[in-house]
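Colleague: Quick one, what's the 3D model for this:
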Amino acid sequence: MVAHAIISSWLYYCYSLLCGIAGNLLQKLQSVQNAAARLIMRTGRRQHITPVLRELHWLPVRQRIDFKMAVLVYKALHGQLPQYLAEDCRLLTDIGHQSL
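Modeller: Numbers count the residues shown, from 1 in each chain. Next up, the predicted model:
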């Protein structure tokens, strides 16, 4: 349990900063997550990782980044974030057709 808490908190700490990360760097992070899952669950290298991640209730890295960003935007739009963070999140209809 200690290894699980340390590894998962380390992996999930800055996912919101990784939005738009290059594919090769994303794959390296996924490899770290896979290795951590195998270590925690004591599974072999040849065993498929998806059931292991599912048993740990871990999303793959790309999905975790997308989830984290969706939660941040939701909280910003519903007044649940500090003002300095919420100011950077606006609906596209509020600012026209500019890209964020």
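Colleague: quick one: least confident helix or strand in the protein?
Modeller: helix 92-95 (a mean of 58; mean pLDDT, DSSP states H and E).
Colleague: Sticking with the closest residue to residue 44 other than its chain neighbours, tell me its helix or strand.
Modeller: Excluding the flanking residues, the one nearest residue 44 by C-beta to C-beta, 6 or more residues apart in numbering is residue 38, at 7.5 Å. The C-beta positions use only the backbone N, C-alpha and C, and glycine is treated the same way. Assigned by DSSP states H and E, residue 38 falls within helix 23-41.
Colleague: any idea how far residue 39 is from residue 69?
Modeller: 28 Å (C-beta to C-beta, to the nearest Å).
Colleague: Who has more neighbours out of those two?
Modeller: Ranked by neighbour count (other C-beta atoms under 10 Å), residue 39 and residue 69 place residue 69 first, with 16 against 12.
Colleague: That one reaches residue 19, doesn't it?
Modeller: Yes. Using C-beta atoms under 8 Å, residue 69 is in contact with residue 19, at 5.4 Å.
Colleague: quick one: average pLDDT of stretch 38-55?
Modeller: In this model, stretch 38-55 has an average pLDDT of 92.
Colleague: cool, stretch 66-76 as well?
Modeller: Stretch 66-76 shows a mean pLDDT of 86.
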